[in-house]
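J.: requesting a structural model of the entry that follows:
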Amino acid sequence: PPVEPPQPPPPPPEAGCGLLVPNQAIGVDQAIYSCDNRFALVLQSDGNIVQYWNGTSTSIWNAGTVGQPANALVMQDDGNLVLYSAAGAPLWHTQTNGRPGSYLSLDDNGALIIFDGATPVWWNGTGGL
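T.: Numbering: from 1, shown residues only. Have a look, this model is predicted:
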């Protein structure tokens, strides 16, 4: 039988609850929330990226960036999630570049995952897959 050409990957989801899609960002003291509002990923004013049980001070994960002059957390169109300073200098990243169209998902179970299509390429449990 003839060989089928590979299919292109599905497009990333539209912006919505629990998502940071390519070229979307959050600023200082902003957050993304899981669709059920139980979990939040916050770019704090102290420069740290922290995931919380929403409405509590219970931290689930943090990027260890306290004291950094953070300005924005950006889901770049190359697949890398990057924390930038106001001067545009990268302060922290997930090392997931080279995966265009990847997006960050915060689901209702608290899983914080970068997906390349349907494939997880980074998650908050280990810092990488």
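J.: quick one, what contacts the spatially most central residue of the chain?
T.: The centre of the chain sits closest to residue 104, judged by CA atoms, centre = their mean, with a distance of 3.8 Å. For residue 104, the contacting residues are 19, 20, 21, 32, 75, 81, 112, 113, 114, by CB atoms under 8 Å, 6 or more residues apart in numbering. C-betas here are computed from N, CA, C, even on glycine.
J.: mind showing which ranges of this structure have poor pLDDT?
T.: Across the chain, the ranges flagged by pLDDT under 70 are 1, 5-15, 125-129.
J.: residues of stretch 98-112 that come out buried?
T.: Neighbour counts over stretch 98-112 (16 or more other CB atoms under 10 Å) mark 99, 101, 102, 103, 104, 105, 106, 110, 111, 112 as buried.
J.: isn't residue 79 up against residue 102?
T.: Yes. Using CB atoms under 8 Å, residue 79 is in contact with residue 102, at 3.5 Å.
J.: counting neighbours, what do you get for residue 70?
T.: 24 (other CB atoms under 10 Å).
J.: okay, the nearest residue to it once chain neighbours are set aside and residue 84: tell me how far apart.
T.: Distance criterion CB to CB, 6 or more residues apart in numbering; nearest residue to residue 70, sequence neighbours excluded, is residue 47 at 4.0 Å. From residue 47 across to residue 84, the span is 11 Å (CB to CB, to the nearest Å).
J.: can you list residues touching both of these two?
T.: Joint contacts of residue 47 and residue 84 (CB under 8 Å, 6+ apart) are 70, 91.
J.: from the chain's centroid, how far away is the helix or strand containing residue 114?
T.: In this assignment (DSSP states H and E), residue 114 forms part of strand 112-116. On the basis of CA atoms, centre = their mean, to the nearest Å, strand 112-116 sits 7 Å off its chain's mean C-alpha point.
J.: next structured bit after that strand?
T.: strand 119-123.
J.: pull out the buried positions in that next one.
T.: For strand 119-123, using 16+ other CB under 10 Å, the buried residues are 121, 122, 123.
J.: of those, closest to residue 25?
T.: Checking the buried residues of strand 119-123 against residue 25 with CB to CB, the nearest one is residue 122 at 17.2 Å.
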